[in-house]
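Participant: kindly return the folded structure for what I paste below:
(2 chains)
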Amino acid sequence: MATDKSEVLQGTLDLMILKTLQALGPVHGFGIARRIEQLSEDVLTLNEGTVYTSLLRLHQKGWISSEWGVSENNRRARFYSITRRGLKQLTVETENWERIAAVIGRVLALETKA
Amino acid sequence: MFERALTFGARLKGFFGQRLADSSFDEEMNTHLEMLTEKYERVGMSSKEAARAARRQFGNTTLLKQRQREARTTMFFANIWRDMRYGTRQLAKTPVFTIVCVLTLALGVGANTAVFSVMHAVLMKMLPVQDSSHVFYLHTSGYPDGASQTGETVTSFSYPVYRAFREQSGLQDVMAFIPMSSSGKAPVRVGAVPEEAAGDMVSGNYFSGLGIGTEMGRGFVQKDEDDHTPVVVISESFWATHYERSRNVIGKALYIKSITFTIVGVAAKGFEGTEGRLPLDFWIPLQSRPEFNAWGAPAEQGIYLTAPQFWCMKLMARTAPGVSREQALAKAQGIFQQAAYIGLAQRHQGDETYQVSFHDAKQFDGQDNSFARALKVLMAMVCLVLLIAMSNVVMLLMARNANRQREFSVRLALGAGRKEMVRQLLTESLLLVVAGGAVAWIFALGATRVLGSWARIQSNLQPDNAVLWLTLSVLFLLALVFGLAPLRSAMSNGPEMVVRSSATASQASSQKVRAGNVVIVTQIAMCMVLLVGAGLLLGTLRNLLKTPLGQKPEGVLVFGVHPKHISTKEESVAFFVALQQRLRTIPGVESVSMAANRPGSGWSSNGSGVTVDGHKPNGIEPEQASWRQNWVGADYFRTMGVQIAQGRDFSDADSATAPAVAIVNETFAKKYVGTLNAVGHVIGNSKGLHPLLIVGVVKDHKYTGITEEAKPMRWMMVTQAGAINELNIEMRVPGDPTEMLPAVRKVITQVDPDMPLLEPMTQSAVFAQSISQQALFARLAGCFGVLAVVLIATGLYGTLAYRVSRRSAEIGVRMALGAQRSQVVWMVLRGSLLLCVVGVIIGLPLAMAAGRGLESSLYGMKSLDPASYLFAIVGVALVALFASAVPAGRAASVDPLNALRSD
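Facilitator: The predicted structure follows:
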């Protein structure tokens, strides 16, 4: 169990949430958790509570905004959406991530050859 | 960076909306859990299982809530609050330490604030005028022959000069202001009671030129000056004290010298006029009535508007924008050179050129230098006191923190970060500084008031914003020093110390001891300087108080009288002789006399030119024979208590029609007549005219003040003088002279209900005031010396006591090995006496340098006065002995067994 699931890398959750919000539009915390669960295909373990820590952080940085609304099954829920500054940040972070991922990929490829 | 700021802002907001955010997060979390539970129920779990699975999936809710709360708000405030509570508890645990620190700080900082506040107000503060960098006082270096002026030589100009400046100099505005009398005050009446109020007669552009607004009503306009309209602008404080700030004051009547003036405005709050130490109550436009002559002078030779020889107007100027001070001054100088001679004799070849100069528009114009110097010396003294106080507190803090090393190690061992410890220590010192600063401010407010009244400055000296900023920055600096200096000693030991036996740690490191010694030696050196300074100044004060006056001012009441409608000699003689007769009838009065210049007030009439029996006085050229004189009434010397060496006192028989007589002092008799037996000789002016028969010779006695040297002096009868419109009445009465005042007032009111007593006081007080500045200076210096001694005693005591307590194990060992108690006591005493000797040796040259700086403020003392130095050395030695006696005794009472066992 522990071997086939990975911990969420520090900082990557923020990026995932930003991307989710960009893709889905306004969505509540539960929705975000579902979306990540669905996309990660059960590879990642995620304490869903940490989503809220991340949301608060993003909110404080002004990258997302929130507003109370009613969920699909008629519950009062807080809907988050990405701001303009958040969108800009997402582009930056995505590029960063791709660069790092490429580097890591190259480093790992190097090792197998040797 | 921007994100950080945003985050901090959001957290700050979170701090205040704490509870609301908590409950809304609860709701959000519960919704999430419910939805998660439903999801599991949909895949077939029982509701119980589903709920458990949901919670597992969600994670620890309590922890999350806590994390969320921490992230949402800043922990900054919570931590500070915690540190403050902890610090307060720590300080409360050692109340003596805390009180000593707070009081030390309060005295050090408070004395600084008070002295700086006075110095700032007197030497630096600008008038509250608009754009004060373009406003200047005008001074002159002199005035042509034939001009007479007011006694304030440098600030006096004539009316033609004023007109010339206005019309030709290109200065944007030239404002004139003239005091109502030589005391600055004039009789006024608001309701029924006559009183004195300070006022100036000013030019029409006075308010507009200075840029002073009004609380209500209007200032003056040019027409007021041209028409000499009887209108008045009152000061805000006069409005408050006399009219309860009533809005209906405009249009009311104010009687000044019995003339009705209509109030047209109230000057802006904070504007107290341009007369420096005398805050003004009212301003009137330049007047043309004879009784409103400048400075209250008699108008025999015409008033200031028509008498170009009367230099009496004070001037200020505003330069035009874009014109530099130098340009404006050069132009004004050109005008002045011509205008100075208008109405006077032509300028002679080779006469000096009188220079006009500009002086910054400070609250106090041309402060006399002795006062400024005294203030600077005081400032230096309080700075030393502050330094001593600061090093004291640092040493106390160091000692205290070293004693708390056990506590610090425990906290470090329990996981406190060094950062937290530093913050904690800084918070503690901040608490001390805040408490000390608050007490200091209260102390400074009181001290400033006392300083002002002692220095006889009535205008506002209270600390303003500039002073507040200085005090705050001093406090901030202190907080930093107090927080950082003791850090090293506190943090030098790691957590392992808690497990170490403290006997091994009980010897203070030699480095730390040396640092402490340097501080103590410096303190003792500074104490030397302060004590020598205090000794010199107190010696000066003693000399001043001991100086024989040659008269008995005790039991003499003096007050000025200024009747309004006197223009001829006959009128003044009739008035004053009648007044003297009436005052003599008051029961209990021993004698009544009069004097033109009030003895002890500093005023004097000086002149030169003497012939004796028509010849050269004792071989001196008649023109070179200078003298001082006073016009006095009958019984003058009996009233003043001056001993008559030969001849007689003035009497009622020396009337206007009787032969002109004079009385001279011994110096005059010896210097000009050549013998003390001067009675019967006749003195005249340099041409032998105006002969006066000498009818008496009196012992030399003080005239202008206590510090003067004896000079040749002569007295003449007021009845044989010209028109006089103001005299000081001297009355010798049994008991307290001021108790006679009500009876006197009754008599004066019967003569003229609008005539107030001018500056009524005892003659002793007049003389006391003549040295009030020196006395104030000396007393303050003495206070600061004592303060320094007390501070150093506490500092020395604290340090030594601490050292002894740290060395108790060592002392125990010594005693166990056979050291005698006396040896132990001597060991401690020797240490502190050695420090004292080194401190004195370093302090001596510093004290000598300081003494030389004080030289000009001394009276009857040399700056190397051995008694003052002895006093300082003995003082310092006593302090050192006293401060080390208790710790030494404690060291001697160390029980070797206990000392060795306890650690």
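Participant: ok, now how distant is the residue of chain B most remote from its centre from residue B:50?
Facilitator: In chain B, the residue that sits farthest from the middle, by CA atoms, centre = their mean, is residue B:44; the gap is 89.3 Å. Residue B:44 sits 9 Å away from residue B:50, going by CB to CB, to the nearest Å. In this view, the C-beta of every residue, glycine as well, is placed from N, C-alpha and C.
Participant: tell me the confidence at the residue of chain A found nearest chain B?
Facilitator: When scored by CB to the nearest CB, chain A has residue A:47 as its residue closest to chain B, at 3.3 Å. We have a pLDDT of 80 for residue A:47.
Participant: ok, and the closest non-adjacent residue to it?
Facilitator: residue B:59 (3.3 Å; CB to CB, 6 or more residues apart in numbering or on different chains).
Participant: output the set of residues of chain A in proximity to chain B.
Facilitator: Residues of chain A found near chain B (CB under 8 Å from any CB of the partner chain) are A:28-30, A:33, A:47-50, A:52-53, A:56-57, A:59-62, A:71, A:73, A:75-78.
Participant: just the residues you listed: which are in helices?
Facilitator: A:29, A:30, A:33, A:49, A:50, A:52, A:53, A:56, A:57, A:59, A:60 (DSSP state H).
Participant: tell me which two in the residues you listed are the farthest apart.
Facilitator: Largest separation among these by CB to CB: A:30 and A:60, giving 21.1 Å.
Participant: which of these two has more neighbours?
Facilitator: A count of neighbours by other CB atoms under 10 Å in any protein chain shown puts residue A:30 above the other of residue A:30 and residue A:60, at 24 against 21.
Participant: related to what we said a few turns ago, touching, the residue of chain A closest to chain B and residue B:58? I think so.
Facilitator: Yes. Using CB atoms under 8 Å as the test, residue A:47 is close enough to residue B:58 to be in contact (6.8 Å).
Participant: more neighbours, the two?
Facilitator: Each of residue A:47 and residue B:58 has its neighbours counted (other CB under 10 Å); residue B:58 has more, 23 against 16.
Participant: my read: that one touches residue B:33, true?
Facilitator: Yes. With contact defined as CB under 8 Å, residue B:58 reaches residue B:33; the gap is 5.9 Å.
Participant: around chain A, which positions in chain B sit nearby?
Facilitator: B:3, B:6-7, B:10-11, B:24-25, B:27-29, B:31-32, B:34-36, B:38, B:57-61, B:64, B:67-68, B:71-72.
Participant: for the residue in chain B positioned nearest to chain A, which residues are in contact?
Facilitator: Relative to chain A, the nearest point of chain B is residue B:59 (3.3 Å; CB to the nearest CB). With contacts defined as CB atoms under 8 Å, 6 or more residues apart in numbering or on different chains, residue B:59 is in contact with A:47, A:48, A:49, A:50.
Participant: the third one: neighbour count?
Facilitator: This points to residue A:49. 23.
Participant: show me the beta-bridge partners of the nearest residue to residue B:648 once chain neighbours are set aside.
Facilitator: In space, and not counting its chain neighbours, residue B:648 is closest to residue B:696: 5.2 Å by CB to CB, 6+ apart. Beta-bridge pairing of residue B:696 under DSSP bridges involves residue B:647, residue B:663.
Participant: spit out the contact partners of residue B:696.
Facilitator: B:637, B:644, B:646, B:647, B:648, B:649, B:650, B:663, B:664, B:679.
Participant: now render the residues you listed as JSON lines, adding pLDDT.
Facilitator: Shown next, in JSON lines, are these (pLDDT from 0 to 100):
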{"residue": "B:637", "pLDDT": "95"}
{"residue": "B:644", "pLDDT": "94"}
{"residue": "B:646", "pLDDT": "93"}
{"residue": "B:647", "pLDDT": "94"}
{"residue": "B:648", "pLDDT": "94"}
{"residue": "B:649", "pLDDT": "95"}
{"residue": "B:650", "pLDDT": "95"}
{"residue": "B:663", "pLDDT": "96"}
{"residue": "B:664", "pLDDT": "95"}
{"residue": "B:679", "pLDDT": "93"}
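Participant: and of those residues, the nearest to residue B:226?
Facilitator: residue B:650 (47.6 Å).
Participant: which residues are in contact with stretch B:682-691?
Facilitator: By CB under 8 Å, 6+ apart, stretch B:682-691 touches B:608-614, B:617, B:622-623, B:625, B:660, B:662, B:664, B:672-673, B:692-694, B:714.
Participant: could you list the buried residues of it?
Facilitator: In terms of neighbour count (16 or more other CB atoms under 10 Å in any protein chain shown), stretch B:682-691 has its buried residues at B:682, B:683, B:684, B:685, B:686, B:688.
Participant: ok, stretch B:233-243 next?
Facilitator: For stretch B:233-243, by 16+ other CB under 10 Å, it's B:233, B:234, B:235, B:236, B:237, B:238, B:239, B:242, B:243.
Participant: same deal with stretch B:180-187?
Facilitator: B:180, B:181, B:182, B:183, B:184, B:185, B:186, B:187.
Participant: turn these into a markdown table, columns for secondary structure.
Facilitator: Below are the buried residues of stretch B:180-187 laid out as a markdown table (DSSP: H, G, I helix; E, B strand; the rest coil):
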| residue | secondary structure |
| --- | --- |
| B:180 | coil |
| B:181 | coil |
| B:182 | coil |
| B:183 | coil |
| B:184 | coil |
| B:185 | strand |
| B:186 | strand |
| B:187 | strand |
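Participant: farthest pair in those?
Facilitator: Longest span within the buried residues of stretch B:180-187, CB to CB: B:182 and B:187, 14.1 Å.
Participant: just give the closest residue to residue A:52, not the sequence neighbours.
Facilitator: Spatially, and ignoring its direct neighbours in sequence, residue A:52 is nearest to residue A:29 (5.9 Å; CB to CB, 6+ apart).
Participant: wait, doesn't the one you found sit right on residue B:27?
Facilitator: No. Contact criterion CB under 8 Å: residue A:29 and residue B:27 do not qualify, at 11.4 Å.
Participant: what do those two both touch?
Facilitator: By CB under 8 Å, 6+ apart, no residue touches both residue A:29 and residue B:27.
Participant: can you check which helix is longest in chain A?
Facilitator: helix A:84-113.
Participant: just want the angle from that helix to helix A:49-60.
Facilitator: 130 degrees (axes from the mean of the first three to the mean of the last three CA atoms, to 10 degrees).
Participant: and helix A:84-113, how far out from the chain middle?
Facilitator: 15 Å (CA atoms, centre = their mean, to the nearest Å).
Participant: please apply the same query to stretch B:113-131.
Facilitator: With CA atoms, centre = their mean, you get 10 Å for stretch B:113-131.
Participant: endpoint to endpoint, it covers what distance?
Facilitator: End-to-end distance for stretch B:113-131, by CA to CA, to the nearest Å: 27 Å.
Participant: for the most centrally placed residue in chain A, give me the pLDDT.
Facilitator: By CA atoms, centre = their mean, chain A has its centre lying nearest to residue A:16, at 1.8 Å. pLDDT for residue A:16: 88.
Participant: which helix or strand contains it?
Facilitator: helix A:12-24 (DSSP states H and E).
Participant: same deal with residue B:812?
Facilitator: helix B:808-816.
Participant: now stretch B:136-154: buried residues?
Facilitator: B:136, B:137, B:138, B:139, B:140, B:143, B:144, B:147, B:149, B:150, B:152, B:154.
Participant: ok, and the closest non-adjacent residue to residue B:858?
Facilitator: Using CB to CB, 6+ apart, the closest residue to residue B:858 is residue B:540 (5.0 Å).
Participant: now do the same contact list for the closest residue to residue B:308 other than its chain neighbours.
Facilitator: Spatially, and ignoring its direct neighbours in sequence, residue B:308 is nearest to residue B:343 (2.6 Å; CB to CB, 6+ apart). Residue B:343 sits next to B:158, B:160, B:307, B:308, B:309 when contact means CB under 8 Å, 6+ apart.
Participant: what pLDDT does residue B:343 get?
Facilitator: 81.
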